[in-house]
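Peer 1: Just need the structure, nothing else, for what follows:
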Amino acid sequence: MRRALVLTSEAARHWFRASLPQRRSQFADLPASGTIDWRLTADDVRGVATTYFATVAAVLAFIV
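Peer 2: Predicted structure coming up:
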């Protein structure tokens, strides 16, 4: 039996995807009307620096 690669009707969806609830937004835990603050904080910089130095120390430990 041959099947088309592209489903042309909405009724021909996969049974598992059809059983899932509809998504209202991409991020369900955030309110849709709120704005997201993308500013860097000191905790963000500290986390990046900690990760960087831990990675460098791990690489050096494997090399030496």
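
Peer 1: What is the least confident helix or strand in the chain?
Peer 2: Lowest by mean pLDDT, DSSP states H and E among the helices and strands of the chain is helix 15-19, with a mean of 76.

Peer 1: Low-confidence ranges, the chain, go.
Peer 2: Low-confidence segments of the chain, defined by pLDDT under 70: 1-12, 23-34.

Peer 1: Buried ones in the longest helix along it, by neighbour count?
Peer 2: Secondary structure of the chain per DSSP state H: the longest helix is helix 42-63. Using 16 or more other Cβ atoms under 10 Å as the test for burial, helix 42-63 gives no buried residues. (Glycine included, C-beta is placed from N, CA and C.)

Peer 1: how about the CA coordinates for that helix, as CSV?
Peer 2: Only the C-alpha atoms of helix 42-63 are listed here, as CSV (Å, rounded to 0.1, in the frame of the first residue of the first chain):
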residue,chain,number,x,y,z
ALA,A,42,25.1,39.4,38.0
ASP,A,43,23.9,35.8,38.6
ASP,A,44,23.9,35.2,34.8
VAL,A,45,27.5,36.4,34.5
ARG,A,46,28.6,34.5,37.5
GLY,A,47,27.0,31.3,36.1
VAL,A,48,28.7,31.7,32.8
ALA,A,49,32.1,32.4,34.4
THR,A,50,31.7,29.4,36.7
THR,A,51,30.8,27.1,33.9
TYR,A,52,33.7,28.4,31.7
PHE,A,53,36.4,28.0,34.4
ALA,A,54,35.0,24.6,35.4
THR,A,55,35.2,23.4,31.8
VAL,A,56,38.8,24.8,31.4
ALA,A,57,39.8,23.0,34.6
ALA,A,58,38.3,19.7,33.5
VAL,A,59,40.0,19.9,30.1
LEU,A,60,43.3,20.8,31.7
ALA,A,61,42.9,17.9,34.1
PHE,A,62,42.5,15.5,31.2
ILE,A,63,45.4,16.9,29.2
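
Peer 1: Cool, thanks, signing off.
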